[in-house]
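1. I would like the atomic coordinates for the input below:
(2 chains)
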Amino acid sequence: MSDWNRRDSLRWLGGLAASGWPGVQLLAAPAAGSQRLLVVMLRGAYDATNTLIPYSSSFYYEARPNLAIAKPGSDALSALELTADWGLHPALRASLLPLWQAKSLAFVPFSGLEDPSRSHFEMQDKIEFGRGSRSNDYSSGFLNRLAAELSPTPRALAFTNTLPPIFRGSVRVPNMALERGGIPPVSSQEALQTEQIVRMYQDTPLAAPVREGFDTRQRVQQDLAGEMEAASRGATAPRGLARSAPRIAKLLRDSYRIGFIDVGRWDTHVAQGGATGMLADRLSELGDGLAILARELGDVWAHTTVVVVSEFGRTFRENGNRGTDHGHGSALWVLGGSVRGGRVLGEQVASQPQTLNDNRDWPVLNDYRAVLAGLFGRWYGLSPAALARVFPGAPPQDVGLI
Amino acid sequence: MMAHRDPAWWNLRRPHWRTSAWVFGLLVLFWASWVHAGEREEALWLQRLSFGVTPQSLADVQRTGREAWLAQQWRRDMPLASVPAVQARIENLKVSQLTGLQALAQVQAQRALLRERTDPASAAMQRKQRKQLRSELDALQGQAIQRTLLRAVYSPQPLREVLTWFWFNHFNVVAEGDFVLQAMVGDYEQNVIRHHATGRFRDLLQAVATHPAMLVYLNNDRNVRGHINENYARELMELHTLGVDGGYTQQDVQQLARILTGLSVGRPGDSRLPDGAVSLSGGLALFLPRRHEPGPKTLLGRTLDQDGWAQIEQALDMLAHHPATARYISLKLARYFVADEPSPDLVQRLSRRFLDTEGDIAAVMQTLVNSPEFAASLGRKFKDPVHYVVSAVRLMLPNDPVELRVARLQGWLRQLDEPLYGRRTPDGYPLVASAWNGSGQMTQRFEVAQQIAKAQHLDLPEAGGIRLLGPQDEFSQRVWLPGLSSRSREVLQEAQAHPVVWRRLLLSTPEFMFR
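-> Modelled structure (predicted):
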């Protein structure tokens, strides 16, 4: 397949870049300006251990008598075999397994931020700011710093109701949630009032966001005109990410190069379920959303990388309420047409009592900042100096994602 | 360019007339601007300490003076609403007539009924019952929201209402997701949060800790010896008292979780309570010794020597009076009432006051309001959506008291991402501008402004020829317009002939975004 040839040659060029041939590093990346990046943040710390399942560990089955997913087998409720050690949650069979098989999906387990805190809010912020665990500099998020390093400056959009910390910083990034109904076109009277409002804000600190809000609304309205019926294709009303995925895909195709969306309700302290139940439902929704996104992006999927990240993992052992409590190491998902997927990457250990962090949860062996720095280095051909500005103090770690 | 208006005395011919007219005119102008500047400052002061200025509330504070106005906020014997019809409406709501105990008993009885195993023939009946229960609970929750919004708009104690929002947000629970939470959120808001909003922090903390809403929301009803659930223990220290930098460890979280074992939701319908059970908050919560992990525990380096419920009280005492708590609560109050990044000096003074008065919230607020930092910050704090929507509605309402139907307000709050009782995570909504002034938010605000500007969207009763605030109204001319920038005034002047557009633009001015 030609796709394979292209990928092989990229790998070969990547090898040359590693050997220090000047200028080659840029060739490893797609044409500047064509790359799309979407970061999906799972707020609430999803249970990575029941998503990417260490089924070869007998300790896993001891530690989770009620929650464990059965070893891969013929049963529809058993784990889907990915490697000799790792299985995938069965709720992702229809959505993500095909992407894994097409080698467009990779996982990096034991990832996260080396920080003792198990506070959702503190850790979500720290993940988004991307300055490491000890920094108190909250002035900018890592996606904003990434945008600032790229040339031309990519157009970025947060698909959220409020501007998330990840996009705070020197590059102005608008935000707009896409779930709510249609966006009506602007009437002439509206246009006059828009002009009047913009005028009132001239020379005030809010001038930029006000103008940008109107501009974004207009651009999104133009891009999405007439897309509603086409996207639903008679399916039952999708929920969560699946509902906004077609719109996100359209906007990433046409107008925007960096996007961010968050998906909540992963904090499963009570009755999280096993092969079915609460977590399974959440995973199924998320998987559907990502699969729809890949499908709708079409040929642009080859130029797209999606990163799924959460603030930390959960306890390796289930708690007294058939749920899990706040833990430490999580698992990153990386998807995209250029991803060297079908692999579980990064430093790993067997899941055993003695390898747990605090005798409680997965350790962090792969600093998410180093892994993403490695990924961005490849994807955008960024220099080590630029990467150090995106993730200060986290030397890039190329685990071979692209 | 603004048209120049010629006062009559400008054209007087005789020189000495002209001179004395000049002097007289200047004096009038000076006096007027002095009075108006004073009044505008009063309006800003009130804007910060209430959900927005109305002609009535401005007249109130001018009549009584600021000190007396403040003192009035701490009283507990005031009517529910300044409009008798609104008060009657609040009293008539089912959520107001049901005590917390009755609500809990009802929802538990119905839940038990639904849980009973029934033969397949009655499965349809059970589905029907479940549906009915759900709609009853939706109604209770909706009424609780209505009641809060009616008070935010009409209460004669505006600062108590603002503090009620602040403390609810501090001790956040979300109504959706559980029968008990839906049934109890009204009681939680009324009898825990509003009741203690200006009292002692220690009392507030215990009232929260012994209410089913919090116990269910953060899973302490399932925190049982041998089956530890850390959820409440962690948030109790991180979010409710010490703050994330308050010096506790994972070890402390585990210890506190063990201390809190056995603290659970009450069982009002159950006459046979187990031996040694302690009934709390009039039966809303229970302490069950058999579920409690016995023995002394060490919290924050101190050994708690009491046992059972007394041990929990000891832990609450420690946390409520801890210097880190004083600092964290002071920081949050200053962040909400003064500035996103309040000066460390102010926070220190507030936390000293907090410690000196054993957490007297009214005393801390008094220090805050009388601080030079507070005075210097007026008009500079970006409104969060709740403040924005309620203050816009209050500004639009005509001087004559009217009865507003408030269902729309929650819709607008949802649109702006800050619905009442809708924050899923226990940290509550953010209190700083950067969370609310992004481009998408600003656009949404202008859309909401457009709706509030139209009388029919406020759902006001048709009769009585109700008229919203207009460009020629004395209140607009005297209080609002002079405080605007020349650009804002220019734009409003262009829209003078179209009151709906004028109102939308007034609510869209940069000045109206701040309090």
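2. In chain B, which residue is most central in space?
-> By C-alpha atoms, centre = their mean, chain B has its centre lying nearest to residue B:165, at 1.3 Å.
3. what's the residue nearest to it when sequence neighbours are not counted in contact with, if anything?
-> Leaving aside its sequence neighbours, residue B:165 sits nearest to residue B:386 (C-beta to C-beta, 6 or more residues apart in numbering or on different chains; 6.2 Å). Every C-beta, even on glycine, is put in place using the N, C-alpha and C of the backbone. Listed by C-beta atoms under 8 Å, 6 or more residues apart in numbering or on different chains, the contact partners of residue B:386 are B:51, B:152, B:165, B:413, B:418, B:420.
4. quick one: which of these is most hemmed in?
-> In terms of neighbours by other C-beta atoms under 10 Å in any protein chain shown, the contacts of residue B:386 top out with residue B:51 at 28 neighbours.
5. what's the helix or strand for the residue nearest to residue B:165?
-> helix B:385-396 (DSSP states H and E).
6. Tell me the first helix or strand C-terminal of that helix.
-> That would be, after helix B:385-396 and using DSSP H and E, helix B:407-415.
7. how much distance is there from the following helix or strand past that following helix to the middle of the chain?
-> The helix or strand immediately downstream of helix B:407-415 is helix B:439-452, counting by DSSP H and E. Remark: helix B:439-452 is offset 21 Å from the chain centroid, using C-alpha atoms, centre = their mean, to the nearest Å.
8. Helix or strand, whichever it is, which one in the chain has the lowest mean pLDDT?
-> Using chain A. helix A:24-27 (a mean of 40; mean pLDDT, DSSP states H and E).
9. Chain B is the one I meant
-> helix B:15-49 (a mean of 73).
10. and the stretch 1-150 of chain A, which of its residues are near chain B?
-> Contact residues (C-beta under 8 Å from any C-beta of the partner chain) of the stretch 1-150 of chain A with chain B: A:43, A:44, A:116, A:117, A:118, A:119, A:120, A:121, A:122.
11. and those residues, which two are the farthest apart?
-> Greatest spacing in the residues of the stretch 1-150 of chain A next to chain B, by C-beta to C-beta: A:43 and A:116 (20.1 Å).
12. What segments of the stretch 51-200 of chain A are strands?
-> A:52-53, A:80-81, A:87-88, A:105-112, A:156-158 (DSSP state E, counting those that start in this stretch).
13. Show me what the last one packs onto, helices and strands only.
-> For strand A:156-158, the helices and strands in contact under the criterion 3 or more C-beta pairs under 8 Å, 6 or more residues apart in numbering or on different chains; DSSP states H and E are helix A:142-149, strand A:258-263.
14. for these, which one sits closest to residue A:281?
-> strand A:258-263 (12.4 Å).
15. now the helix or strand following that closest one and strand A:258-263, what's the angle there?
-> For strand A:258-263, the following helix or strand on the C-terminal side (DSSP H and E) is helix A:278-297. In terms of direction (axes from the mean of the first three to the mean of the last three C-alpha atoms, to 10 degrees), helix A:278-297 departs from strand A:258-263 by 160 degrees.
16. got the CA coordinates for helix A:278-297 in CSV?
-> Provided in CSV are the C-alpha atoms of helix A:278-297 (Å, rounded to 0.1, in the frame of the first residue of the first chain):
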residue,chain,number,x,y,z
MET,A,278,-21.2,3.6,33.9
LEU,A,279,-17.6,3.7,32.7
ALA,A,280,-18.5,1.5,29.7
ASP,A,281,-21.2,3.9,28.7
ARG,A,282,-18.8,6.9,28.9
LEU,A,283,-16.1,5.1,26.9
SER,A,284,-18.6,4.0,24.3
GLU,A,285,-19.7,7.6,23.8
LEU,A,286,-16.1,8.9,23.6
GLY,A,287,-15.1,6.1,21.2
ASP,A,288,-18.0,6.9,19.0
GLY,A,289,-17.1,10.5,19.0
LEU,A,290,-13.5,9.8,18.0
ALA,A,291,-14.5,7.3,15.3
ILE,A,292,-17.0,9.8,13.8
LEU,A,293,-14.3,12.5,13.9
ALA,A,294,-11.8,10.2,12.0
ARG,A,295,-14.5,9.3,9.4
GLU,A,296,-15.7,12.9,8.9
LEU,A,297,-12.2,14.2,8.5
